[in-house]
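Asks: Take a look and give me a structure for this.
(chains A and B)
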Amino acid sequence: MTPPPDSGLSGAPRRSIFAVEGGGGTLPSWAPYGAVAGSLVFCAAVLAALGWFTIALMLVFGALFSVLSIYAWSRAVEGRRRAKDRAVTMAIVASFGVAMAPLISLLYEVISRGAKGISWDFFTTTSRGVVGGGAAHAIVGTLVITGCAVVISVPIGIMAAIYMNEYGRGPLRRALTFFVDVMTGIPSIVAGLFAYALFELFFGPSIQLGIMGSIALSVLMIPIVIRSAEEVLKIVPNHLREAAYALGTPKWKTITKVVLPTAFAGLVTGVMLATARIIGETAPLLVTTGVVDSLNADPFQGRMQNLAVYAYNQYRSPGVMKQSAYDRAWAAALTLIVIVMILNVAARLVYRRYKTESR
Amino acid sequence: MEGRKLRKMFGSSTNPETDQAKPGTEEGRATMSPAGPVTETSSRPGGPDAASRRRAKTIVAREVNLYYGDFHAVENVNMTIEPNKVTALIGSSGCGKTTFLRSLNRMHELTPGASVKGDIELDGEDIYAAGVDPVAVRSLIGMVFQQPNPFPTMSIYDNVAAGLNFNARQVSKSDKDAIVEKSLRGAHLWEEVKDRLERPGSGLSGGQQQRLCIARATAVSPEVLLMDEPCSALDPVATLAIEDLIGELKKEYTIAIVTHNMQQAARASDNTAFFNLDESGKPGHLVEIGPTEEIFTKPKQKETEDYVSGRFG
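Replies: Have a look, this model is predicted:
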C-alpha cells in the first residue's frame, strides 16, 4: 500500500495514518524468531572460534545480540519507532529467557542425576545398619516435620494477618508490621538455634526432636504466611465487609463468613508458597532434629531425618561407594522437588474444587 | 448481650419467638407483587394477620453533627424520617448526604476516626445510647449501597440467606427457603432467578445484582431501609425497576434514599430533604425538609429553589 498523494492545498502538513519515516516496509512475521536463531548461531560460532564456547555464554551473548540485530534490521526496513518497539519487546522476552535458563538447567540436572539413584528400595527402606540403603526415613521425616510446622504456622500466621488487617490500629500495628518484616529476614540457622535454645531450657543439652525442627521452621514460616495473608486480605473489597455489617452481622462473622471465603484461594496459595519455602531448609534441622539412619515418625521422640539433611549427609560422608552416595543425594533432591510439585498441584485442585463448590 | 436487650426493647422484628407473626405481612406483600402469591415451595408457618401494611419505625435525628477526625462533615441536622414513606436526601456532592445516611445505622463510625454528636432515635430509642449494640441496630436498619455488592463466593440463594446464616439465631431450612423466596419476590427478582438459585450472585446483570442486594437487605426483616444512590450504577430500565420496587417496599419499611437524580427524588419519594454546604471545606447542613411536591414546586428557601430548578449556588 502506498500513502495517498498529498493534495497540498492547505498550508498545514497533511497528517497521514501511514508510516512516514523509514522505508514504510514491514518485517516478515518470522523476523523476531529469525533474529534470535541467527544471533544464537552467530554467537555460538564466534565463541567456538575463540574456544570459549559454553551454553551459558552463548545464551547471554545471543540474547544481547538478538536485541541489537532486530533493532538494526527493523531500523533499516520499518523506521525508528517500530525498531525501538521491536528492540524493547525482544529485550523483555530475552530477560525472561535468561531468567528461565538456570531454572530449566537446574531441573534438567536434578532429574538426570537424581533418576540414577531412584529405585523402589530408595522409597521403602532406611539406611539403618546397611551400606547405602534408602531414604524412607528421610521422606517420612520431611513430611512429619513440615506437616507439624504447617499446623503450627498457618493458624498463627492467618490469625495474626487478620489482626493486622482487620483490627490493628496505630503504633502497635506498625510495630508488628516492622517485626514481621524483620522476621522474614532471619537467617534460617538462627531460627534453628532459637528452637534448640528453647528446648534446651526444658530438656537439657543435646536434645534433638522432630518437633524442635517444626518449631524452627515455624519461626521461618509464620512471617511469610502473615505477609502473604495480609496482602490477600487487603484486596478483599471493603464494600463486602460493609454489606455484611449492614445486615447486622457481628465483626467476627463478617471475617469468618465473608472476608476469609473471599480470600480463600489467595490464602491457600500463600500457605503453599510458604510451605515450599521451608520444606527444603537444611541448617535449622541439622541443629534441631539431628541425623539418624532409622525410621522415626514420632516428632516428640528422638531424632528425625529429613531429605535435605539426608542429601547433605550423603555428600559429606559418602563412605566407600562414593558414586552411589552421590546418586542418592541427587535422588533425595529430586524427591524434594517432586513433593513440592505435588503440594502445588494439590493446592490448585483445592482451589478449583472450592471455586466450583461456592460458585 | 446488649444486642439481645436492644432487640427486645425494639419489639418483634428480629426476635425468633415473634417471627411467627411475620408471614402474615409477607403474604400481603407477595399477593401485591406481580409474580402472584407464594407458590408450593414455601412452607410458611400460618399467620392469620393478612394486613398488607405494617407500621414501620420512625427515625428522628436531633442536632446531629458528624465528624471525620477533625473535619466537621455535617452540622446540626434535625429531621424526622416518617414511617412507611420514602424520604429522599438530595444535594450537591460532598454536602454530607451519604455521611448522614450512614450515621442512621451506625455505619459512619466504621470509618477510622469518625465520630457522631447528637441523638438519633428509632421510635424513641436512642441508637447511640450507651449499651446499645451497633450490630443489633444494623439488623433493624438495613442498607443498600451505591455499587451492587453481592458476596462473590456465594450463590444467589446464599446471598439472600446471608443475613440469616450470619446471625446467631437458627432458622430451619424450610423457613429459610420461604424467606429467600419471599425476599426475592419482594425484590421482583424471583421469576428471573428461580431456576438458578445455586448459581453465583455475581453472574447477574447490574440491575439484577442491585435487586439481589435489596432482597438480601429485606431478608433479615429490618424496620428501615437506607439506600445510598442505589440506581447510580444502573441503566434507566433497571432504575425504573428499582424505583417501582421502592414504591412497594415502603408498604413495609421506612425508606431513606440518597440520590443525585432529582427526577428520581420527584418520582419516587414522599418527602425530600435538601442538603447543602456554603463552600468546600465547610460542614454540610440540612436546608429544608418537606413533602416532595412542596420542595419541588414551592420551596421555602431560595437555595432549594435554585438547586431543584437547576440554577446552582
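
Asks: Give me every residue in the stretch 1-150 of chain B lying close to chain A.
Replies: In this structure, the stretch 1-150 of chain B approaches chain A at residues B:14, B:105, B:107, B:110, B:112, B:135-140, B:142-143, B:145, B:147, B:149, judged by C-beta under 8 Å from any C-beta of the partner chain. The C-beta positions use only the backbone N, C-alpha and C, and glycine is treated the same way.

Asks: which other helices and strands contact the host helix or strand of residue A:348?
Replies: Using DSSP states H and E, residue A:348 sits in helix A:322-358. Under the contact definition 3 or more C-beta pairs under 8 Å, 6 or more residues apart in numbering or on different chains; DSSP states H and E, helix A:322-358 sits against helix A:80-117, helix A:136-162, helix A:260-279, helix A:307-316.

Asks: Please state the offset of it from the chain centre?
Replies: Counting by C-alpha atoms, centre = their mean, to the nearest Å, helix A:322-358 is centred 13 Å from the centre of its parent chain.

Asks: which parts of it are buried?
Replies: Buried residues in helix A:322-358, defined by neighbour count with 16 or more other C-beta atoms under 10 Å in any protein chain shown: A:324-337, A:339-340, A:343, A:347, A:358.

Asks: which intervals of the chain have sub-threshold pLDDT?
Replies: If you meant another chain, say so; for now it's chain A. A:1-24, A:354-359 (pLDDT under 70).

Asks: think we crossed wires, I meant chain B
Replies: Chain B contains residues with pLDDT under 70 at B:1-54, B:168, B:311-313.

Asks: Quick test: name the residue nearest the centre of it.
Replies: Closest to where the C-alpha atoms of chain B average out (C-alpha atoms, centre = their mean) is residue B:225, at 1.7 Å.

Asks: Identify the residue of chain B closest to chain A, quick one.
Replies: Using C-beta to the nearest C-beta, the closest approach of chain B to chain A is made by residue B:139 at 2.4 Å.

Asks: Phi first, then psi, for that residue.
Replies: For residue B:139, the backbone dihedrals are phi -80, psi -20 (criterion: degrees, to the nearest 10).

Asks: Name the SS class of the residue in the stretch 201-350 of chain A positioned nearest to chain B, please.
Replies: Proximity of the stretch 201-350 of chain A to chain B (C-beta to the nearest C-beta) peaks at residue A:248, 2.4 Å away. Here residue A:248 is recorded as coil under DSSP: H, G, I helix; E, B strand; the rest coil.

Asks: How many residues are close by the nearest residue to it once chain neighbours are set aside?
Replies: Leaving aside its chain neighbours, residue A:248 sits nearest to residue B:139 (2.4 Å; criterion: C-beta to C-beta, 6 or more residues apart in numbering or on different chains). The tally of other residues near residue B:139 (other C-beta atoms under 10 Å in any protein chain shown) stands at 28.

Asks: State whether residue B:139 and residue A:245 are indeed in contact, as I suppose.
Replies: No - if you go by C-beta atoms under 8 Å, residue B:139 and residue A:245 don't touch, sitting 10.0 Å apart.

Asks: So which bits of the stretch 151-300 of chain B are right by chain A?
Replies: B:151-155, B:162-163, B:165-167, B:198-200, B:213, B:216-217, B:220, B:222.

Asks: Just these: which are in helices?
Replies: Cross-referencing these against helices under DSSP state H gives B:162-163, B:165-166, B:213, B:216-217.

Asks: what two of these are the furthest from one another?
Replies: Largest separation among those by C-beta to C-beta: B:165 and B:213, giving 15.9 Å.

Asks: So for these two, which sits in the more crowded spot?
Replies: More neighbours surround residue B:213 than the other of residue B:165 and residue B:213, with 27 against 15 (other C-beta under 10 Å).

Asks: Now for the more buried one: which residues touch it?
Replies: Shown here is residue B:213, whose contacts under the criterion C-beta atoms under 8 Å, 6 or more residues apart in numbering or on different chains are A:243, B:144-145, B:148-150.

Asks: Those residues in strands, which ones?
Replies: Under the assignment DSSP state E, the contacts of residue B:213 contribute residue B:144 to strands.

Asks: Identify, from the contacts of residue B:213, the entry nearest to residue B:279.
Replies: Distance to residue B:279 across the contacts of residue B:213 (C-beta to C-beta) is lowest for residue B:145, with 28.5 Å.

Asks: ok, and the closest non-adjacent residue to the closest one?
Replies: Excluding the flanking residues, the one nearest residue B:145 by C-beta to C-beta, 6+ apart is residue B:228, at 5.5 Å.

Asks: swap in residue B:76?
Replies: Among residues not flanking residue B:76 along the chain, residue B:63 sits closest, at 5.7 Å (C-beta to C-beta, 6+ apart).

Asks: Would you mind confirming that that neighbour makes contact with residue B:118?
Replies: Yes - at 4.2 Å, residue B:63 and residue B:118 qualify as touching, with contact defined as C-beta under 8 Å.

Asks: which residues are common contacts for the two?
Replies: With C-beta under 8 Å, 6+ apart as the test, residue B:63 and residue B:118 both reach B:76-77.

Asks: quick one: which of these two has more around it?
Replies: residue B:118 (17 against 11).

Asks: do you know how far that one is from residue B:272?
Replies: Here the criterion is C-beta to C-beta, to the nearest Å. By it, residue B:118 lies 21 Å from residue B:272.

Asks: circling back to that earlier point, and the helices and strands packed on helix A:322-358 as JSON lines, adding mean neighbour count?
Replies: JSON lines is the format used below for these (neighbours: other C-beta atoms under 10 Å in any protein chain shown):
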{"stretch": "helix A:80-117", "mean neighbour count": "15"}
{"stretch": "helix A:136-162", "mean neighbour count": "21"}
{"stretch": "helix A:260-279", "mean neighbour count": "20"}
{"stretch": "helix A:307-316", "mean neighbour count": "22"}
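
Asks: Need the ones you listed in CSV (columns: distance to residue B:93).
Replies: Shown next, in CSV, are the helices and strands packed on helix A:322-358 (distance: least, C-beta to C-beta, whole Å):
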stretch, distance to residue B:93
helix A:80-117, 42
helix A:136-162, 35
helix A:260-279, 30
helix A:307-316, 60
